[in-house]
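**Student:** Take this sequence and fold it.
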Amino acid sequence: MGSDAFALALRAVAAAGLGTMAAWLVIATQWYASALLCALLSLAASVAFAHRLSAPNRELSRWLDGVRDDAPSGDQALSRTPLGPAIRAATDALRARRAAAEAERAALTALVETVPSALLAIDDAGRVRALNRGARALLERREQNLDDLARLGPDWPATLGNLGPGGRALLRGLDGRRWAALGRELRIDGARSRLVSLQDIRLELEATETGAWAELVRVLAHEINSSLTPIASLSASVQPLLAEARVTSDARTAQTIEEAEMAMEVVARRSAGLMRFVDGYRRVAQVPRPVVRKVEVATIFAHMTALFAPEATKRGIAWSVDIRPQDLSLQGDGDMLEQALVNLIRNAFEALADRDGGTVALEARVEPGLVRLSVLDDGPGFADAPDRLFVPFFTTKPDGSGIGLSLVRQIALAHGGTTEAATRATGGAMLTLVLPVTGDAQPASLASSE
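**Tutor:** Numbers count the residues shown, from 1 in each chain. Just a heads-up that it's a prediction; the model follows:
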């Protein structure tokens with residue numbers, strides 16, 4: 001810094017001295033040639049002085065341009081100026097802040113990508129942008145118009161189009177899923193947009209609904225059993241007394257007593273049957289906690305084949321099993337999952353009761369985050385409301401109880417999963433246990449290698 005100041009001062013003195021000498025030569029000696037030479041040298045010294053004096057400003061301007069373009073440069077040139085240390089410190093600070101901002105942005109991007117909600121940005125023109133993985137999976141492409149969301153549900157465009165900041169709405173998809181929508185205001189590249197968060201609340205609603213039904217069943221079972229138990233007990237106690245009285249009575253009275261005995265027997269039998277019926281519902285309302293362990297899907301399906309293949313052969317029903325991958329395993333309670341599949345398969349067999357032959361198939365598939373165990377048939381399918389099949393007490397059969405499929409949903413919920421019912425495009429029904437991936441729902445070959 002000292003040498004730069006000395007050189008700058010030397011240039012200033014030289015320019016001033018040469019200019020003074022040129023003036024003296026013209027005035028005192030009239031040596032015009034010498035005066036012209038001194039004047040030219042003075043001009044050159046002045047230009048050099050001005051260039052040297054403005055060098056830091058030029059380098060600073062170049063550095064500021066780099067800051068504006070997010071690429072500060074010129075450190076080496078500026079380091080030779082008095083501003084060098086300050087510029088280097090500012091450059092280091094800017095680089096550190098930029099690195100911190102990039103790291104924060106990467107962390108926020110990762111967070112947005114992994115949140116369970118689907119995040120959408122909707123601008124004033126009705127353009128919809130998917131902001132994370134969940135939204136891209138829902139929309140199937142990154143950008144589209146608001147009206148295109150009608151393929152998810154007929155009321156989606158209007159509901160989301162009118163959802164303002166802080167607004168909430170409930171949506172139902174064509175696939176039966178239910179979504180909670182929450183609106184927020186957002187600015188993207190300076191333009192105002194609305195951020196919409198979509199949360200799939202099907203599992204929560206199903207758990208709440210099933211819990212409410214279970215509580216209702218528990219209360220009703222308790223009240224009914226409280227009344228039936230003394231009736232059954234009294235009827236059983238009266239029967240021996242009537243039998244004894246019949247022996248010691250005359251013929252006419254004995255006939256009346258015999259009729260009373262038969263009535264008491266009917267009361268006792270129906271009371272016991274009703275108690276067993278109510279107890280069946282109560283058991284559905286009290287599904288035990290699963291004993292979770294590794295379960296091979298092939299083993300479960302083999303048990304189902306051993307149980308149902310003979311009946312299928314007898315009835316001319318084509319039975320098939322398809323597991324992909326073959327060594328698929330999951331974490332769950334094998335006994336409970338087998339009971340759920342028994343109920344689903346029994347439902348498929350009953351769907352084929354009014355016809356000869358038919359097909360029943362078991363399928364196992366892995367999807368991102370999910371394992372799907374499905375039972376398919378080529379029966380009549382579902383005329384309407386397939387999502388109600390798993391509601392307690394709901395049945396489409398004249399002699400049905402509404403217990404079997406509701407137990408399937410209870411078992412699925414106990415495993416953190418859900419159930420699905422759909423009419424197949426080729427005809428027939430598909431009932432599915434949808435279970436979450438817990439880290440071990442993967443091919444056994446992969447699990448053993450980790």
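
**Student:** what about Thr253, distance to Glu350?
**Tutor:** Computed as C-beta to C-beta, to the nearest Å, the Thr253 to Glu350 distance reads 50 Å. Every C-beta, even on glycine, is put in place using the N, C-alpha and C of the backbone.

**Student:** For stretch 428-439, buried residues please.
**Tutor:** 428-436 (16 or more other C-beta atoms under 10 Å).

**Student:** same deal with stretch 173-181?
**Tutor:** Using 16+ other C-beta under 10 Å as the test for burial, stretch 173-181 gives 173, 177-181.

**Student:** For that stretch, the averaged confidence score.
**Tutor:** Summarised as a single mean, pLDDT over stretch 173-181 is 78.

**Student:** for stretch 311-322, same thing?
**Tutor:** Stretch 311-322 comes out at a mean pLDDT of 93.

**Student:** ok, residues contacting it?
**Tutor:** For stretch 311-322, contacts defined as C-beta atoms under 8 Å, 6 or more residues apart in numbering pick out 301, 304-305, 308-309, 349, 352, 356-364.

**Student:** Kindly report the same for stretch 166-185.
**Tutor:** Here stretch 166-185 makes contact (C-beta under 8 Å, 6+ apart) with 151-153, 155-156, 159-160, 163-165, 192-202, 205, 386-387, 420.

**Student:** Quote the end-to-end distance of it.
**Tutor:** Using C-alpha to C-alpha, to the nearest Å, one end of stretch 166-185 lies 8 Å from the other.

**Student:** same thing with stretch 173-184?
**Tutor:** OK, stretch 173-184 end separation, C-alpha to C-alpha: 22 Å.

**Student:** For Gly161, which non-adjacent residue is spatially closest?
**Tutor:** Excluding its sequence neighbours, the residue lying closest to Gly161 (C-beta to C-beta, 6 or more residues apart in numbering) is Leu146, at 5.5 Å.

**Student:** The one you found contacts Leu160, correct?
**Tutor:** Yes: Leu146 is within contact range of Leu160, at 6.7 Å (criterion: C-beta atoms under 8 Å).

**Student:** Give me the common contacts of these two.
**Tutor:** Ile122.

**Student:** out of those two, which sits in the more crowded spot?
**Tutor:** Between Leu146 and Leu160, counted using other C-beta atoms under 10 Å, the more crowded position is Leu160 (24 against 18).

**Student:** tell me what the helix or strand hosting that one is packed against?
**Tutor:** Assigned by DSSP states H and E, Leu160 falls within helix 156-161. If you count contacts as 3 or more C-beta pairs under 8 Å, 6 or more residues apart in numbering; DSSP states H and E, helix 156-161 packs onto strand 118-123, strand 168-172.

**Student:** Let me have these in TSV, extended by distance to Asn132 and mean neighbour count.
**Tutor:** Converted to TSV, those look like this (distance: least, C-beta to C-beta, whole Å; neighbours: other C-beta atoms under 10 Å):
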stretch	distance to Asn132	mean neighbour count
strand 118-123	5	20
strand 168-172	18	14
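
**Student:** mind giving me JSON lines with those and columns for distance to Ala86?
**Tutor:** Shown next, in JSON lines, are those (distance: least, C-beta to C-beta, whole Å):
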{"stretch": "strand 118-123", "distance to Ala86": "41"}
{"stretch": "strand 168-172", "distance to Ala86": "53"}
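
**Student:** Just the closest of the buried residues of stretch 428-439 to Leu138, please.
**Tutor:** Distance to Leu138, by C-beta to C-beta, is smallest for Val434 among the buried residues of stretch 428-439, at 16.9 Å.

**Student:** which residues touch that closest one?
**Tutor:** 370-372, 412, 417-420.

**Student:** May I have the beta-bridge partners of it?
**Tutor:** Taking DSSP bridges as the rule, Val434 bridges to Arg372, Thr418.

**Student:** and the gap between it and Leu413?
**Tutor:** In terms of C-beta to C-beta, Val434 sits 11 Å off from Leu413.

**Student:** can you map out the strands along the stretch 51-200 of the chain?
**Tutor:** 118-123, 127-130, 143-145, 168-172, 178-188, 191-200 (DSSP state E, counting those that start in this stretch).

**Student:** Tell me the secondary structure of the nearest residue to Asp377 once chain neighbours are set aside, please.
**Tutor:** Nearest residue to Asp377 in three dimensions, chain neighbours excluded: Ala348, at 4.0 Å (C-beta to C-beta, 6+ apart). Three-state assignment for Ala348 (DSSP: H, G, I helix; E, B strand; the rest coil): helix.

**Student:** And the contacts of stretch 290-298?
**Tutor:** With contacts defined as C-beta under 8 Å, 6+ apart, stretch 290-298 is touched by 323, 326-337, 364, 371, 373, 411, 414-415, 440, 444, 447.

**Student:** which ones among the residues you listed are found in strands?
**Tutor:** Those of these mapping onto strands are 323, 328-332, 364, 371, 373, per DSSP state E.

**Student:** got a markdown table for the residues you listed, with neighbour count and distance to Pro290 too?
**Tutor:** Compiled in a markdown table, those are given as follows (neighbours: other C-beta atoms under 10 Å; distance: C-beta to C-beta, whole Å):
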| residue | neighbour count | distance to Pro290 |
| --- | --- | --- |
| Ile323 | 18 | 21 |
| Leu328 | 21 | 18 |
| Ser329 | 23 | 15 |
| Leu330 | 24 | 12 |
| Gln331 | 19 | 9 |
| Gly332 | 30 | 6 |
| Ala364 | 21 | 18 |
| Val371 | 24 | 14 |
| Leu373 | 26 | 15 |
